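S.K.: Model the following, please.
(one chain, ligands or ions: 2)
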Amino acid sequence: MAVIAITSGKGGVGKTTVSANLAVALSAFTEVAVVDCDFVLPNLHLQFGIDNPPVGLMDAVSGNAGMDEPIYRLKARVGNYLTSLIFVPSLSPPHLLKKFDEEKFIEFIQFLEKKSDVVVLDVSAGLSRLAVLSLSVADEVHVVTNPDISSLSTASKVLSVLNEMDKARGGVVFNRYDGEKRVVESSLGTLGIELSGLIRESKLISESWEAGVPVVSYKPKSGVAKDFIVMAEKILGIRNRIKLYGKLRLRFDW
Ligand SMILES: Nc1ncnc2c1ncn2[C@@H]1O[C@H](COP(=O)(O)OP(=O)(O)OP(=O)(O)O)[C@@H](O)[C@H]1O
Ligand SMILES: [Mg+2]
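M.R.: Ligands and ions are numbered 1, 2, ... in the order given. The predicted model follows:
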């Protein structure tokens, strides 16, 4: 069982794209829950094609709803696997932010850990109080960066705070990789952390956002979908790659 937080220094580098696709890719192997922990500007629901989730995590952690209420079971497809995963949105009226109960949030994550093997948290950028709270419940933290100097330098600040928090497990996800290996190698040297994902730049990502389907399901044979599957396999320590194509299989009973 593991709680995996996806974070970044700078905003807009691809945390939500990575969280959704990693969660779907992981669901081909194990039971997954993915949680929108961007409490102020949540949008993970849009990546899953849900416009207006009626109840969200904010309701559960502010005492407005029970723990079970913001849990949505989604179906997904990864290659020839039909899978399902738990999704917890966070859309709710801004006034609920004032009622955010940190203890209830921790309890909610523990509650999800009982329902799944891996919990993926889409954390907001930077180091706000609630972002740090989300990071504090994680077993491993993956810091997303683009290969540009401003996202790399803020990633480096986040990594030093994670070290202080004793959250050294995880790695760095290079998103929007443009094929420049040299940049990745030298940045990894500077950041001093393992590479957990190398996700290429692809037009399919914006298409998949418009379609409301993560690219792993939207275009499963594409290079960028494979990048996410490789990342999921690496996180789970899977060496023998699964056969994604061929006979259709069910990962879970619907
Ligand atoms: N690999 C990629 N190739 C091309 N475009 C990408 C890629 N990853 C993300 N994008 C684009 O970057 C934009 C931001 O992505 P996303 O919302 O996932 O970032 P974020 O880090 O969650 O942002 P925020 O900090 O606002 O929460 C989106 O328009 C998305 O389409
Ligand atoms: Mg986001």
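S.K.: Would you mind listing what in the stretch 151-254 of the chain touches ligand 1?
M.R.: Residues of the stretch 151-254 of the chain lying close to ligand 1 (C-beta under 6 Å from any ligand atom) are N175, R176, I199, E201, S202, I205, S206, W209. From N, CA and C alone the C-beta is placed, and that goes for glycine too.
S.K.: What are the phi and psi values at the third one?
M.R.: In other words, I199. The phi and psi values for I199, taken as degrees, to the nearest 10, are phi -110, psi 120.
S.K.: Which strand residues bridge it?
M.R.: As for beta bridges, I199 partners with N175 under DSSP bridges.
S.K.: Hmm, N175 and it touching each other?
M.R.: Yes: the criterion here is C-beta atoms under 8 Å, and I199 meets it with N175 at 4.6 Å.
S.K.: residues shared between the contacts of those two?
M.R.: Counting by C-beta atoms under 8 Å, 6 or more residues apart in numbering, the common neighbours of I199 and N175 are G14, V18.
S.K.: how about TSV for the residues of the stretch 151-254 of the chain next to ligand 1, with pLDDT, neighbour count and distance to I229 added?
M.R.: As requested, those are exported to TSV (pLDDT from 0 to 100; neighbours: other C-beta atoms under 10 Å; distance: C-beta to C-beta, whole Å):
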residue	pLDDT	neighbour count	distance to I229
N175	97	24	15
R176	97	18	18
I199	97	25	11
E201	97	14	17
S202	98	18	14
I205	98	23	15
S206	98	11	20
W209	98	19	19
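S.K.: The residue in the stretch 151-254 of the chain that ligand 2 sits nearest to: what's it in contact with?
M.R.: Per C-beta to the ion, W209 is where the stretch 151-254 of the chain lies closest to ligand 2, at 11.0 Å. Contact partners of W209, counting by C-beta under 8 Å, 6+ apart, are T17, L46, Q47.
S.K.: In this structure the last one contacts S217, no?
M.R.: No: distance between Q47 and S217: 10.7 Å, which falls outside the contact criterion (C-beta under 8 Å).
S.K.: And the helices in the stretch 1-150 of the chain?
M.R.: Taking DSSP state H, counting those that start in this stretch as the test, the helices found in the stretch 1-150 of the chain are 15-26, 44-47, 57-61, 102-115, 129-136, 149-164.
S.K.: Now find how far off-centre the fourth one is within its chain.
M.R.: It refers to helix 102-115. From the chain centre to the centre of helix 102-115 is a distance of 17 Å (C-alpha atoms, centre = their mean, to the nearest Å).
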